[in-house]
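Sequence plus predicted model, see below.
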Amino acid sequence: MSESTSVDLAIIGSGTGNSIPDERFADQQIAIFEESIYGGTCLNVGCIPTKMFVYAAEVAETIREGERLGVTGTVDKVDWPGIVNRVFGRIDPISAGGRRYRIEDCDNITVYSSHVVFDGVDPDGRYRLRTGDGDVVLASRVVIASGSRPVIPDIIADSGVTYHTNEDIMRLPELPERLIIVGSGYIAAEFAHVFGALGSKVSIIARSDALLRTQDPDISARFTDIATAAWDVHFESAIVAVESVGSAIRITCADDTVLEGDALLVAVGRVPNSDKIGLESIGLGVDEDGRIERDAYGRTAAHGVWTLGDVSSPYQLKHVANHEGRVVQANLLRDFDGADLQPFDLRFVPAAVFTHPQIASVGMTETEARDAGLDITVKVQNYGDVAYGWAMEDTTGLCKIIAEKGTGRLLGAHIIGPQAPSIIQPVIQAMSFGLDAATMARGQYWIHPGMPEVLENALLGLEI
Ligand SMILES: Cc1cc2nc3c(=O)[nH]c(=O)nc-3n(C[C@H](O)[C@H](O)[C@H](O)COP(=O)(O)OP(=O)(O)OC[C@H]3O[C@@H](n4cnc5c(N)ncnc54)[C@H](O)[C@@H]3O)c2cc1C
Ligand SMILES: NC(=O)c1ccc[n+]([C@@H]2O[C@H](COP(=O)([O-])OP(=O)(O)OC[C@H]3O[C@@H](n4cnc5c(N)ncnc54)[C@H](O)[C@@H]3O)[C@@H](O)[C@H]2O)c1
């Protein structure tokens, strides 16, 4: 049995968890546990590399779409290995540098590069954490920031075929000629764009009758139309067989559709990493979606144990994990039972899908607002209705605003079209700071002829 080490704070996960120790924690002994690449999902296999690939895909699309503007060009070559090297040539050193900084420059921090589990509580009430390498760390306070991982349907896992997830698809040695994507959410939409624009033939197997189903119905419908024209999309498809045929993968669906591909990407959702960390040994449970239960301040039911990010948040988004990280960080400097703890603010959480065209949203969908019994007014404004949309010859972009009748309270905004994640930001600001639609529309200038005029016109078009 190895000797144990005592620390003031243990952090499980080096994603958002790595941002917690700053100079205010310099007098605390801290253990950080990371079983995989240092820096977590967003940096290594999530937001950042995907968007670096997306940008290259956007450039390829822009060249192809130039013809309708009178600028004709062709994409002569896609240097996939070159793109992979550029992306990871930037990211890998950041991950390695972050790890090196914690190990070499932070005297109060020890990094354990191993899987860790809770192994009960010692007689002094400290949490016992046991690593796969045999180290035992005792901690009076713990932050669980262990994130989430991809779900793999049994029929694929059991088939023995080679499949990919976000963890390795971006490091394929060559661009697959034919890519099959199983799933119809964020990751499916983003990678379909990346691989489709860079030259793969993309097939999507979707369980339901639409893509990005959790978006506002107008956005999901518009995207589904565009995606169906761009890629080979199979709706309401249940997979009944998955097999290897030579170097290819063959998937058969219940309606006898047979698809063959050179690579298979699984993107059917992510589950919280709450099931392999020994939570039961410290009396903690999870909710029906596998998320660690927590209160508004990030506290679990175990005294001194906090949680944040994908493992416990209702949102699997990095900006949410970062916010939750800042809240837990502030609360760690207070008493666990203190009356001055800071709560999470999850009122107006925006999200964007970096597919083609881009999509961004904040607040309620029209369906959610109606289901909530609110008296609403809705305006849909097309990109093509404003001058910059004419400049772009845009025919598919739209901006939809939902507000409360009578008060003009902004309830939701949903945009599909070029630069949607940037264009939506003023609405996030308005909702966060309580601006109503009329004040937002006429209480400021809108640069003419900028694309945000689509937002201005949508606000002015509401019948409040
Ligand atoms: C392909 C993809 C694209 C995405 N794009 C975006 C985007 O554009 N915008 C956005 O907002 N969000 C995006 N996300 C979501 C975002 O990446 C996550 O919400 C965010 O990274 C979660 O952060 P976290 O700190 O909770 O977990 P993570 O960053 O996943 O960190 C958890 C860490 O804990 C480690 N760990 C887990 N269990 C243990 C254990 N028992 N012992 C030791 N270590 C352990 C894991 O190895 C991991 O490194 C994307 C996700 C994916 C998969
Ligand atoms: N731009 C971003 O912010 C971004 C990008 C990527 C991922 N993410 C985060 O990561 C999460 C996970 O992404 P995701 O795309 O894996 O999940 P998702 O929840 O967005 O979508 C999963 C989709 O797969 C479908 N599905 C489930 N089981 C299936 C099956 N057996 N066969 C076929 N389809 C099936 C679901 O109906 C759903 O539409 C997202 O919800 C999001 O929070 C965010």
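Structure's in. What do you need? Numbering: from 1, shown residues only. Ligands and ions are numbered 1, 2, ... in the order given.

which residue packs closest to the residue of the stretch 201-350 of the chain found nearest ligand 1, ignoring adjacent ones?
For the stretch 201-350 of the chain, the residue positioned closest to ligand 1 under Cβ to the nearest ligand atom is Gly309, at a distance of 2.2 Å. In this view, the C-beta of every residue, glycine as well, is placed from N, C-alpha and C. Of all residues not flanking Gly309 in the chain, Ala321 sits nearest, at 3.8 Å (Cβ to Cβ, 6 or more residues apart in numbering).

which other helices and strands contact the host helix or strand of that neighbour?
Element membership for Ala321, per DSSP states H and E: helix 318-332. Here helix 318-332 touches helix 40-45, strand 136-144, strand 305-307, going by 3 or more Cβ pairs under 8 Å, 6 or more residues apart in numbering; DSSP states H and E.

Please state the offset of the second one from the chain centre?
Going by Cα atoms, centre = their mean, to the nearest Å, the spacing between the C-alpha centre of strand 136-144 and its chain's C-alpha centre is 27 Å.

Show me the strands paired with that strand, marking each as parallel or antiparallel.
strand 4-12 (parallel), strand 127-131 (antiparallel), strand 305-307 (parallel) (DSSP bridges).

hmm, who's touching the shortest one?
Contacts to strand 305-307, defined as Cβ atoms under 8 Å, 6 or more residues apart in numbering, come from residues 127, 141-145, 282, 284, 292, 294, 298-300, 328, 331-332.

and it, how far out from the chain's middle?
Worked out by Cα atoms, centre = their mean, strand 305-307 lies 21 Å from the chain centre.

buried sites along stretch 359-372?
Across stretch 359-372, burial judged by 16 or more other Cβ atoms under 10 Å covers Ile359, Ala360, Ser361, Val362, Gly363, Met364, Thr365, Glu366, Ala369.

most neighbours per residue, which of the strands paired with strand 136-144?
Mean neighbours per residue, mean count of other Cβ atoms under 10 Å, is largest over these for strand 305-307, with a mean of 26.

So which residue is smack in the middle of the protein?
Leu317 (4.1 Å; Cα atoms, centre = their mean).

How about the contacts made by that one?
So Leu317 contacts Val349, Ala351 (Cβ under 8 Å, 6+ apart).

Which residue is the nearest non-sequential neighbour of the residue in the stretch 351-464 of the chain that ligand 1 sits nearest to?
Of all residues in the stretch 351-464 of the chain, the one sitting closest to ligand 1 is Phe354 (6.0 Å; Cβ to the nearest ligand atom). Once flanking residues are discounted, Phe354 sits nearest to Val54: 4.6 Å by Cβ to Cβ, 6+ apart.

which secondary structure element contains the one you found?
Going by DSSP H and E, Val54 is in helix 47-65.

what residues does that helix touch?
41-42, 73-75, 78, 83, 86-88, 90-91, 166, 170, 190-191, 193-194, 196-198, 318, 354-356.

List the buried residues of the longest helix along the chain.
The helix that spans the most residues within the chain, counting by DSSP state H, is helix 80-100. By 16+ other Cβ under 10 Å, the buried positions in helix 80-100 come out as Trp80, Ile83, Val84, Val87, Phe88, Ile91, Ser95, Gly98, Arg99.

got it, and stretch 424-432?
Buried residues in stretch 424-432, counted by 16+ other Cβ under 10 Å: Ile424, Pro426, Val427, Ile428, Ala430, Met431.

care to break the chain down by domain?
5-147+273-332, 151-268, 357-461 (the TED database).

JSON lines please, covering these and showing distance to Phe344 and mean pLDDT.
Conversion of these to JSON lines gives the following (distance: least, Cβ to Cβ, whole Å; pLDDT from 0 to 100):
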{"stretch": "domain 5-147+273-332", "distance to Phe344": "5", "mean pLDDT": "98"}
{"stretch": "domain 151-268", "distance to Phe344": "21", "mean pLDDT": "98"}
{"stretch": "domain 357-461", "distance to Phe344": "14", "mean pLDDT": "98"}
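
Identify whichever of those domains lies nearest to Asp345.
domain 5-147+273-332 (7.0 Å; Cβ to Cβ).

Now do that closest one: distance to the chain's middle.
13 Å.

Run the contact check for that domain versus ligand 2.
Yes - Domain 5-147+273-332 comes into contact with ligand 2 (Cβ under 6 Å from any ligand atom), by way of Gln316, Leu317.

Next: stretch 252-262.
No - shown here: stretch 252-262 not in contact with ligand 2 (Cβ under 6 Å from any ligand atom), separated by at least 10.0 Å.

what sits up against that stretch?
176-180, 203, 205, 232, 234, 237-242, 245, 247-251.

Quick check on those residues: which are buried?
By 16+ other Cβ under 10 Å, the contacts of stretch 252-262 give 176, 178-180, 203, 205, 234, 237, 239, 242, 248-251 as buried.

dump the residue contacts of Glu190.
Applying Cβ under 8 Å, 6+ apart, the residues contacting Glu190 are Thr50, Val54, Val353, Phe354, Thr355.

Oh, that last question was meant for Thr439, not what I typed.
Gly408.

Which helix or strand lies directly C-terminal to the strand or helix carrying it?
Per DSSP H and E: Thr439 is located in helix 437-442. Scanning forward in sequence from helix 437-442 by DSSP H and E, the next helix or strand is helix 453-460.

quick check, distance from that following helix to the centre of its chain.
Distance, stretch centre to chain centre, for helix 453-460: 28 Å (Cα atoms, centre = their mean).

Use 52 as the first number from now on
Shifting the count to begin at 52 puts that one at helix 504-511.

Quick one: list the elements packing against it.
strand 427-433, helix 438-443, strand 449-455, strand 461-467, helix 488-493.

Looks like His465 contacts Glu419 (just checking).
No - contact criterion Cβ atoms under 8 Å: His465 and Glu419 do not qualify, at 11.0 Å.

Tell me which stretches of the stretch 302-451 of the chain form strands.
309-312, 314-317, 321-323, 356-358, 402-404, 410-414, 427-433, 449-455 (DSSP state E, counting those that start in this stretch).

Next one: Arg385 relative to ligand 2, how far apart?
As judged by Cβ to the nearest ligand atom, to the nearest Å, Arg385 and ligand 2 stand 30 Å apart.

typo on my end, Tyr434
Taken as Cβ to the nearest ligand atom, the span from Tyr434 to ligand 2 is 20 Å.

what's the nearest residue to that residue once chain neighbours are set aside in contact with, if anything?
Of all residues not flanking Tyr434 in the chain, Gly448 sits nearest, at 3.0 Å (Cβ to Cβ, 6+ apart). Gly448 makes contact with Pro408, Asn433, Tyr434, Gly435, Gly440, Ile466, Ile467, Gly468, Pro469, Ala471, Val505, according to Cβ under 8 Å, 6+ apart.

again with Val245
Val245 touches Thr101, Phe104, Val105, Ala107, Ala108, counting by Cβ under 8 Å, 6+ apart.

Measure how buried the residue of the chain found nearest ligand 2 is and give me the count.
When scored by Cβ to the nearest ligand atom, the chain has Gly236 as its residue closest to ligand 2, at 1.9 Å. By the measure other Cβ atoms under 10 Å, the count of residues near Gly236 is 18.

Leu263 is in contact with that one, correct?
Yes - shown here, Gly236 and Leu263 form a contact pair, counting by Cβ under 8 Å, at 6.6 Å.
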